[in-house]
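*Asks:* Turn this into a model:
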Amino acid sequence: STMETHPKSLDGSEKSPESKDLITSNTASTLCISSRSESVWTNVPRSKWEIYHKPIVVVSVGGAIFLFGVVVTSLSCLIKTNKNVYKMCGPAFLSLGLMLLVCGFVWIPVIRKKQRQRQKSRFFQNIKSFFFNR
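*Replies:* Down below sits the predicted model:
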């Protein structure tokens, strides 16, 4: 219907309501296509690993860096040579690891909340399509 007819100019010089509707629907479909995660727009169920793998990796890397920072910091107390290098690098790795740990642990509840909202929106879309597509 309206998607087959393309307006002559997309810069907004035409003031007809049809061209404005077409521009907005075109933008919406472009956003839908260029979306980073396809699963937002499709109803394909995802496994727990697919949902939570990024925060799990961030937490794991953060934990490893944090432990490395603990080792380097404790080496600065034990080893007498190059003590300044250990004293500078140890706390840097500690803070970087702690930052990644916190980011990963905060990311998990954010993803859970997003999943709940997505399920609610799917539920309401199904109800809406049930009533309006008759």
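*Asks:* which of the residues in stretch 99-116 are buried?
*Replies:* Buried residues in stretch 99-116, counting neighbours by 16 or more other CB atoms under 10 Å, are found at Leu100, Leu101, Gly104, Trp107, Ile108. Glycine gets a C-beta too; all of them are placed from N, C-alpha and C.
*Asks:* Stretch 83-99 now?
*Replies:* Buried-residue list, stretch 83-99, by 16+ other CB under 10 Å: Tyr86, Cys89, Gly90, Phe93, Leu94, Leu96, Gly97.
*Asks:* wait, doesn't Val61 sit right on Leu100?
*Replies:* Yes - in this structure, Val61 is within contact of Leu100 by CB atoms under 8 Å, at 5.9 Å.
*Asks:* Which elements pack onto the longest helix along the chain?
*Replies:* Ordering each helix of the chain by length in residues (DSSP state H) puts helix 83-132 first. Helices and strands touching helix 83-132, by 3 or more CB pairs under 8 Å, 6 or more residues apart in numbering; DSSP states H and E, are helix 48-78.
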